[in-house]
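**Student:** this is a predicted model, with the sequence first.
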Amino acid sequence: MKFWKSTLSLIMVLSLSAMLMSACGSNSNESKNKDASGTNTAVAEKVKLKVTTWAGADELKEFEDLVNKLNADSDEYSIEVQSIPSDYYQKLQTMIAGNQAPDFMWLSQEYVPQYESMGVLASLDEPLAKADFNQDDYFPGALDVGKYDNQLVALPWISQPYVLYYNQDMFDKAGVNAPDGTWTWDDFIEAGKKLTTDGQWGALINNMPLPMFLWSYGGDVFDKDGNITLDSPESMKGLEMYQKIAQSGVVPARSQADSMGGADMFKTGKVAMFIGGAGDDFEKTSNFKVGMSLPPKGSEEVTFSWIGVTAMSKKTKNPEVAAKALNDMTKAIHQWKVVSPTKTGFDEITKIRPEKEYAVDTIRKASEVARGFNNQPKQAELDAAIWDKLVQPLEKGEDIQKTVDTTIAKFNEILK
Amino acid sequence: MFTSNMKSRRKWRNIFLYFFLTLFSVATLLPLIWMISTSLKSGDVIFEMPPRFLPDGFNWNNYSRAIEEINFFVLFKNTTIITLLQMLSNVFVSALVAYGFARFDFRWKTFWFMLMLSTIMIPGEVTMIPVFIAFSKIGWVDSIKPLVIPGFFGGSPVFIFLLRQFFLSMPKELEESAVIDGANSFKIFYRIFLPLSIPALITIGIFSFQGSWNDLLGPLIYLNSTDKFTLTLGLSMFKGMMKVEWGPLMAGSIMALLPVLVVFFIAQRHFVEGVKLSGIKG
């Protein structure tokens, strides 16, 4: 009996102290909030919105400054930035499951269909029509990744088209003419052969997404409606070219490139050509003359673009004001991030990154032909299948038709 | 003749031994030294090929960047508060529960004990979302409450298990004499069991300290405001999606490491004892 009494009292003391502690915690929170709203009474009537971002440290501060400026200029909304510095999508999913979805969320392009099909994203067509939104200002390829099921669900804030960087010094030394923007993939291999010597390669392609080769010949893995087009004649041409380059001897083995890091191999003069994002910092970090041109083409001029978007949650309380805020915020990011997915934001590039001035025309052309993937709701699983059943066997030199057949079989299994 | 032979053999054995010991300690220390060296390098030198071992002068600005950009001292304070509270609950509440399991008979005791142990087997990922939903329903998200309060209602199963085994090995006679002297159960717990199990408690304290100090997922899920973040969250801000800021990341990691080092040196003796005692390492 005595034992129970004392244990009970102990438990009570403990729980009391815990509650006290939590009460202290919430008290201080409340007082903090009061302070914040006390200094700015107008805030009370504004629509409160939250945006999640993966930006950290410096980048986060810049983003917060940008959002604070918008908040000060608007009497309709007040946006709060929430940083998720690690495991971004895991935390985002947890928040959504816990009914705490943010009003806006940064997404990488691959996630748009997945979040849309989970029923998380709001359609932007209607609310944006009432905002000052100019669809024609966007490069079409970038805006496309924000669409799903023929409705706009996300606004791109960055679109970094892939361009061909080259090491001018290595080209001069080997006596090869630098790429002039009209190269085909065959020209690329030809030049690569002349640039490949002992311990030094002509080019590097394994950081490039495989679909880019398919687009080059008018093919794709999936079409816009989500049908598999991997085995179309156009796609097959792209796959053939990929295998041809991978086996031509002008590129280092994947294991080697992966262990050194593709970009680092270019930076240190181990490879002469590198296809990467137009915003990469080679001009600043390498000690040779860097050149830039449009990536080689097949039958069509096209390039891949790394696209980041902001989507709006279906749960947002005032979609009209939220869409306006989203439009304002996205426009402001276009003045901050390189490369902007809009034509008006594009010119900022020379202000933000003066070292890119020499290549502005190239980047503009690349932006015009740049596009993202035709992403599917199960994109992560499909990408794993592409890597496993397609890219690796192709690089090993296996029969293209056979690898395509097994890949499609795997696709059907995933999409079933 | 015989003794000098012995001596030289011992000498050779020692040379051999010390050679390998030095080799291993260098291998163990190398990452730490590399970390310190990187934290002092300027941005361009970090990626220089071939890598340069010594920094190019002392770039303390990595440290000032780490302090300013992630609000280091606020995060340090937050981490300390969470770690201390978790340690407190892990050590004392676990001990109390373990005492119950070790010394009292009640109905279905083995069942309850097994049930408790089975919670260790459930991976955190499975319970994460339901628990998050529960805490968000009662409005505890974006505070340290979900991180520290549950511990006060039962401690931690692994530690309960360890302490129960430890308590079981304590002689019954001590308790019996205390009962004769008129002590009640609670008095026996805190006057006899706790003082006698200090090495075990310190071990658990150290494990708990390490675990909370380095925890990323818990704070990540429950904390939203940047000014409530812990150090692990702050440091991961330097690991961006596009690029990693190695200089400030290393500088911040070293500063975050210092308290762990201090605790380790103070409690080193107990730490080794603890590994012996529990057979596990942190």
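**Tutor:** Received, thanks. Numbers count the residues shown, from 1 in each chain, chains lettered A, B, ... in the order given.
**Student:** and the residue of chain A that's closest to chain B?
**Tutor:** Closest residue of chain A to chain B, Cβ to the nearest Cβ: A:Gly56 (2.9 Å). Every C-beta, even on glycine, is put in place using the N, C-alpha and C of the backbone.
**Student:** gap between that residue and B:Ser236?
**Tutor:** A:Gly56 sits at a distance of 7 Å from B:Ser236 (criterion: Cβ to Cβ, to the nearest Å).
**Student:** what sits in contact with each of these two?
**Tutor:** Residues touching both A:Gly56 and B:Ser236 by Cβ atoms under 8 Å, 6 or more residues apart in numbering or on different chains: A:Pro85.
**Student:** just the pLDDT for the residue of chain A closest to chain B.
**Tutor:** pLDDT, A:Gly56: 82.
**Student:** spit out the contact partners of it.
**Tutor:** A:Ser83, A:Pro85, B:Ile70, B:Ser236, B:Met237, B:Phe238, B:Lys239, B:Gly240.
**Student:** if we use 6 Å, what do you get?
**Tutor:** With contact set as Cβ atoms under 6 Å, 6 or more residues apart in numbering or on different chains, A:Gly56 has these partners: A:Pro85, B:Met237, B:Gly240.
**Student:** do the same with A:Tyr148
**Tutor:** Listed by Cβ under 6 Å, 6+ apart, the contact partners of A:Tyr148 are A:Val112, A:Pro113, A:Glu116.
**Student:** closest to B:Arg65 out of those residues?
**Tutor:** Nearest to B:Arg65 out of the contacts of A:Tyr148 is A:Val112 (Cβ to Cβ; 34.0 Å).
**Student:** part of a strand, is that closest one?
**Tutor:** No: assessed with DSSP: H, G, I helix; E, B strand; the rest coil, A:Val112 is helix; it does not lie in a strand.
**Student:** leaving aside the residues next to it on the chain, what's closest to it?
**Tutor:** In this structure, A:Val112 finds its nearest non-sequential neighbour in A:Ala154, 5.4 Å apart by Cβ to Cβ, 6 or more residues apart in numbering or on different chains.
**Student:** hmm, A:Val309 and the one you found touching each other?
**Tutor:** Yes: A:Ala154 lies in contact with A:Val309 (Cβ atoms under 6 Å); the separation is 3.8 Å.
**Student:** just give me the residue closest to the centre of chain B.
**Tutor:** Centroid-nearest residue in chain B, with Cα atoms, centre = their mean: B:Gln210, separated by 1.1 Å.
**Student:** mind giving me the domain split of the chain?
**Tutor:** In the absence of a named chain, chain A is used. A:47-159+A:306-371, A:161-302+A:373-415 (automatic domain parsing).
**Student:** actually, chain B is the one I wanted.
**Tutor:** What automatic domain parsing lists as the domains of chain B is B:2-46, B:71-280.
**Student:** now distance to A:Asn318 and mean pLDDT too, for these, in JSON lines please.
**Tutor:** Below are the domains of chain B laid out as JSON lines (distance: least, Cβ to Cβ, whole Å; pLDDT from 0 to 100):
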{"stretch": "domain B:2-46", "distance to A:Asn318": "44", "mean pLDDT": "85"}
{"stretch": "domain B:71-280", "distance to A:Asn318": "21", "mean pLDDT": "88"}
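**Student:** closest to chain A out of those?
**Tutor:** Short answer: domain B:71-280, nearest of the domains of chain B by Cβ to the nearest Cβ, at 2.9 Å.
**Student:** quick one: is the closest one near chain A?
**Tutor:** Yes: Domain B:71-280 comes into contact with chain A (Cβ under 6 Å from any Cβ of the partner chain), by way of B:129, B:132-133, B:136, B:143, B:145, B:149, B:152, B:184-186, B:220-221, B:224, B:226, B:233, B:236-238, B:240-241.
**Student:** show me how to select, in ChimeraX, the buried members of these.
**Tutor:** Entered in ChimeraX, the line below selects the buried ones among the residues of domain B:71-280 next to chain A, by 16 or more other Cβ atoms under 10 Å in any protein chain shown:
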select /B:129,132,136,143,145,149,152,185,186,220,221,224,226,233,236,237,238,240
